[in-house]
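Peer 1: Return atomic coordinates for the entry below.
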Amino acid sequence: MKSRFLLTTLAAIGLFIVDGRSAQAAEKTWNAGGGTPSWNTAGNWNPSGVPGTNDYVTIPACGSGRTVGTCPTIDTDVTAANSSKDIVGLRIQKDASLTTGAYNVEVTSTRGLFIEGGAVLDVSASGTVKCQGGGSSGEYVVDGVINLGTSTSKLRFESASEHRLAGAGAIRGSDNNAKIEIPVGVTLRSSLLIDGALRIDRSGEGTDPLFYNEGLVHANRGSTPFVIALGDLEVRGHGEFRMSGGSTAEINVESTCTATKLDADFALYGDSNVLDIDADVLTAGRLYFGDGEIQVATNMAFIAK
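Peer 2: So this is what the prediction gives:
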């Protein structure tokens, strides 16, 4: 009997570690039973009721031709300030999508975000998704895609001192003012594909590292730059910074950065340019050119060692 109890307990602990659920979290599953895409409609959830504090939300496969015919669109702030509607965790399953619109989402658990392969979290309009962690660190799995679709879209990491993004998925930006926002005192580590035109931005002055990337940062969207602001970018381990967006693709490392450390491969393809690097650049990996170029400011020198 003791052995059976121990195995049951360990299984429950394992579920918390993988999915971010806790013993106190209540399950809420989208079923579109209310006949609309509205997040804020009680009848669209099983059990009935709009998700709120201590709820773990699951979005199953949805859309045309599926059992759940309509995918949800958030139409109210999913935040603690809005009648305690913040949620413990969010899991978007394969072939499902969630659109935030112009609203904000707060996910409070340490392991509160899980986006399966083939799933999409679409942060559009002026929406912000805040990953708050639940302690000293937050860990999230993204095997699908997070879209930062407009200049006012934000993916923000706060509260915990370090957040980690794991998985085989991607964060994609379509405007260089869309932000992965990291406050002072918080560091983000990622093994995802960071793709497109967007900003990795420190919201405030800080001397601690801003962003470590051990995956692939890929600036490939053409006319708008990938911007690193108010902190350090370090591409290291098995990571790579790759540019392949044509003649106007660029990385802009603003003068507020203290250092950009490229300890992995830095690759330029096509006519890509590296512009406005006002910070120190330390390259311990391979610097590769595929018809690209580096433009050096008049007050800087490019020294081969």
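Peer 1: My guess is Val88 contacts Leu113. True?
Peer 2: No: the criterion here is Cβ atoms under 8 Å, and Val88 misses it with Leu113 at 10.6 Å. Backbone N, C-alpha and C define where each C-beta goes, glycine included.
Peer 1: doesn't Ser174 make contact with Thr150?
Peer 2: Yes: if you go by Cβ under 8 Å, Thr150 and Ser174 touch, sitting 7.4 Å apart.
Peer 1: Check the separation of the first and last residues in stretch 112-119.
Peer 2: One end of stretch 112-119 sits 16 Å from the other (Cα to Cα, to the nearest Å).
Peer 1: mind exporting stretch 141-155 as PDB, just the C-alpha atoms?
Peer 2: Only the C-alpha atoms of stretch 141-155 are listed here, as PDB (Å, rounded to 0.1, in the frame of the first residue of the first chain):
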ATOM      1  CA  VAL A 141       7.600  25.100 -23.600                       C
ATOM      2  CA  VAL A 142       6.800  26.400 -27.100                       C
ATOM      3  CA  ASP A 143       6.700  23.800 -29.900                       C
ATOM      4  CA  GLY A 144       4.300  25.900 -31.900                       C
ATOM      5  CA  VAL A 145       4.400  29.600 -32.800                       C
ATOM      6  CA  ILE A 146       4.000  32.900 -30.900                       C
ATOM      7  CA  ASN A 147       3.200  35.700 -33.400                       C
ATOM      8  CA  LEU A 148       3.900  39.300 -32.400                       C
ATOM      9  CA  GLY A 149       1.900  40.800 -35.200                       C
ATOM     10  CA  THR A 150       1.900  44.600 -34.800                       C
ATOM     11  CA  SER A 151       4.100  47.400 -33.500                       C
ATOM     12  CA  THR A 152       2.300  47.300 -30.200                       C
ATOM     13  CA  SER A 153       2.400  43.600 -29.600                       C
ATOM     14  CA  LYS A 154       4.400  42.500 -26.500                       C
ATOM     15  CA  LEU A 155       5.600  39.300 -24.900                       C
END
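Peer 1: what's in contact with it?
Peer 2: By Cβ atoms under 8 Å, 6 or more residues apart in numbering, the surrounding residues in contact with stretch 141-155 are 92, 94, 111, 113-129, 131, 165-175, 177-181, 192, 196, 198.
Peer 1: Just the mean pLDDT for the stretch of helix or strand Val141 belongs to, thanks.
Peer 2: Secondary structure assigned from DSSP states H and E places Val141 in strand 137-142. For strand 137-142, the mean pLDDT works out to 92.
Peer 1: Relative to it, what are the paired strands and their orientations?
Peer 2: Strand 137-142 has the following sheet partners, assigned by DSSP bridges: strand 113-115 (parallel), strand 162-166 (parallel).
Peer 1: Kindly point out the strands partnered with the helix or strand just after it and how each is oriented relative to it.
Peer 2: Going down the chain from strand 137-142, the next helix or strand is strand 145-148, by DSSP H and E. The pairing partners recorded for strand 145-148 under DSSP bridges are strand 120-123 (parallel), strand 170-183 (parallel).
Peer 1: List the buried residues of strand 145-148.
Peer 2: For strand 145-148, burial by neighbour count (16 or more other Cβ atoms under 10 Å) applies to Val145, Ile146, Asn147, Leu148.
Peer 1: Tell me the helix or strand right after that strand.
Peer 2: strand 154-157.
Peer 1: Direction included, what does that following strand pair against?
Peer 2: Strand 154-157 has these strand partners (DSSP bridges): strand 128-131 (parallel), strand 170-183 (parallel).
Peer 1: and those strands, which one's lowest on average pLDDT?
Peer 2: The weakest mean pLDDT among those belongs to strand 170-183, with a mean of 84.
Peer 1: Low-confidence regions, this protein specifically.
Peer 2: 1-24, 203-210, 215, 218-305 (pLDDT under 70).
Peer 1: Quick one: the helices in it, in order.
Peer 2: In the chain, the segments counted as helices under DSSP state H are 2-19.
Peer 1: how close does Thr41 sit to Ser126?
Peer 2: Thr41 sits 22 Å away from Ser126, going by Cβ to Cβ, to the nearest Å.
Peer 1: brain fart, Arg164
Peer 2: 27 Å.
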